[in-house]
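Q: got a structure for you, letters missing:
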């Protein structure tokens, strides 16, 4: 009896083992990799990032692949609710943030919820009632940039925004005096900053700097070159 029972259990254990292996194999094959879900362009980017960090492409896709989807989500929010977004940025390996000039639109909240359900473990913080919108900032950038270009002392300019500072780098005419000219241009830029929104100076600083040469324009030698850079999109 003992001998018979032992031999009878062996086939049963083998069957259970094979079924378990099949289930594991099925689960493994039915779960697509995050890397394979990205388009070819994003896959190439993940491979480059992986090589730079000395990791494989799949962990790189887990770490960075969600960022493209976040950018697309923010674009949809901007389209649905123009002039609502102040800034949107990646704040960490698995975190991001969207700031709104007023309350966050209900459509934006739905977009973020759907995004986070798709990208488990990625946290997107929503902040409301910020000081200005992207449109306010873009208007200020354009006003400052073109006001400087209209001055006879300025041949060309590059205007950009980063970390709360609007910077205009100007190529001055040969006859101008840099010290006195830059002071006057800085005053003009400050006036243009607040022409549409008086409290912008509470949150944004304006700096006007002199270019050393036209080479900073990327080889463009034409006068009054228009190099206004809009805020991050």
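A: Okay, I see it. Keep in mind the model is a prediction, meaning the values are calculated, not measured.
Q: so residue 65 makes contact with residue 43?
A: No. Contact criterion Cβ atoms under 8 Å: residue 65 and residue 43 do not qualify, at 9.0 Å. C-betas here are computed from N, CA, C, even on glycine.
Q: neighbour count: the two, which is higher?
A: Ranked by neighbour count (other Cβ atoms under 10 Å), residue 65 and residue 43 place residue 65 first, with 21 against 17.
Q: tell me the phi and psi of that one?
A: phi -60, psi -30 (degrees, to the nearest 10).
Q: same question for residue 209.
A: phi -120, psi 160.
Q: okay, it: pLDDT?
A: Looking at residue 209, its pLDDT reads 92.
Q: would you map the helices across this protein?
A: Listed in chain order, the helices of the chain (DSSP state H) span 2-30, 40-53, 57-64, 66-80, 106-118, 134-149, 178-193.
Q: tabulate the ones you listed (CSV), appending distance to residue 91 and mean pLDDT.
A: As requested, these are exported to CSV (distance: least, Cβ to Cβ, whole Å; pLDDT from 0 to 100):
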stretch, distance to residue 91, mean pLDDT
helix 2-30, 33, 40
helix 40-53, 18, 79
helix 57-64, 14, 79
helix 66-80, 11, 93
helix 106-118, 14, 93
helix 134-149, 18, 91
helix 178-193, 26, 87
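Q: can I get those helices in TSV including distance to residue 201?
A: Conversion of the helices of the chain to TSV gives the following (distance: least, Cβ to Cβ, whole Å):
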stretch	distance to residue 201
helix 2-30	57
helix 40-53	39
helix 57-64	36
helix 66-80	25
helix 106-118	28
helix 134-149	10
helix 178-193	6
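Q: of all these, which lies closest to residue 172?
A: Of all the helices of the chain, helix 178-193 sits nearest to residue 172, with 6.0 Å by Cβ to Cβ.
Q: in that closest one, what's buried?
A: 181-182, 185-186, 188-189, 192-193 (16 or more other Cβ atoms under 10 Å).
Q: ok, and the closest non-adjacent residue to the residue nearest in space to the middle of the chain?
A: Centroid check for the chain by Cα atoms, centre = their mean gives residue 89 as the closest residue, at 4.5 Å. Spatial nearest neighbour of residue 89, chain neighbours left out: residue 97 (5.9 Å); criterion: Cβ to Cβ, 6 or more residues apart in numbering.
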